[in-house]
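Engineer: can you look at this prediction? I've put the sequence above it.
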Amino acid sequence: MSQQFNFVYSAPPIALLAPAADAAGRTSLYKNLRNNAGKVCIIFRVNQGNAAQVTFSVLQATALAGTNSKAITASPIFYNADAAVGDALTAQTAAATFQADAVTSKDKFVVFEFVPADVMDVNNGFKYIAVSTSASNAGNITAASMHYIGTYQQASPPSSAV
């Protein structure tokens, strides 16, 4: 039976960090969550070619420019330490950041899943989100994207970059 839900229209991928070497660490642009209707899913990916660990963080701000930027509070986190072996995600201790283990030559996923009102200071206008990675090593390639169920479920939803 067909369902009236389509990921492409209702929960499109929102690019945060393009795949790149992560020697110095990076911070994404901020995205607006005004069209979010529920949970947000931030997906970090690291192809860890070097034993240097990488720490992943989710940030909140009051404006697209990153005004008043600060970390979110503790969020549920899920981790797959070796995507080549399987796709199972294991629940981790809720936190505002997560550090991948130092085992090299592994393709890893870190997923933060949260309701903005639970981990963001929404009462004080924090409705923009970005991600950051710590300084690491050029052998570690990282990327990040975001998904959320939008309130505007049509073929051309409004941009999260406004």
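Structural biologist: Looks like it came in fine. Numbers count the residues shown, from 1 in each chain.

Engineer: list the buried residues for the longest strand anywhere in the chain?
Structural biologist: As assigned by DSSP state E, the longest strand anywhere in the chain is strand 36-48. By 16 or more other Cβ atoms under 10 Å, the buried positions in strand 36-48 come out as Asn36, Val40, Cys41, Ile42, Ile43, Phe44, Arg45, Val46, Asn47, Gln48. (Glycine included, C-beta is placed from N, CA and C.)

Engineer: what's the local residue count around Pro76?
Structural biologist: By other Cβ atoms under 10 Å, the residues close to Pro76 number 17.

Engineer: check which element follows whichever strand or helix holds it along the chain.
Structural biologist: Pro76 belongs to strand 75-80 when assigned by DSSP states H and E. Going down the chain from strand 75-80, the next helix or strand is strand 90-95, by DSSP H and E.

Engineer: all helices of the protein, in order?
Structural biologist: 7-10, 116-119 (DSSP state H).

Engineer: any chance of the ones you listed in CSV with distance to Ala71, mean neighbour count and mean pLDDT as columns?
Structural biologist: Conversion of the helices of the chain to CSV gives the following (distance: least, Cβ to Cβ, whole Å; neighbours: other Cβ atoms under 10 Å; pLDDT from 0 to 100):
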stretch, distance to Ala71, mean neighbour count, mean pLDDT
helix 7-10, 29, 12, 73
helix 116-119, 9, 16, 95
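
Engineer: about what we covered before: list just the nearest of the buried residues of strand 36-48 to Lys127.
Structural biologist: Asn36 (8.7 Å; Cβ to Cβ).

Engineer: not counting sequence-adjacent ones, nearest residue to the closest one?
Structural biologist: Leaving aside its sequence neighbours, Asn36 sits nearest to Tyr148 (Cβ to Cβ, 6 or more residues apart in numbering; 4.5 Å).

Engineer: could you dump the strand holding Pro76 to CSV, C-alpha only?
Structural biologist: Taking C-alpha atoms only, strand 75-80 is exported to CSV below (Å, rounded to 0.1, in the frame of the first residue of the first chain):
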residue,chain,number,x,y,z
SER,A,75,21.0,15.2,22.7
PRO,A,76,20.4,11.5,22.0
ILE,A,77,23.4,10.2,19.9
PHE,A,78,23.8,7.0,17.8
TYR,A,79,27.1,5.6,16.5
ASN,A,80,28.2,3.1,13.9
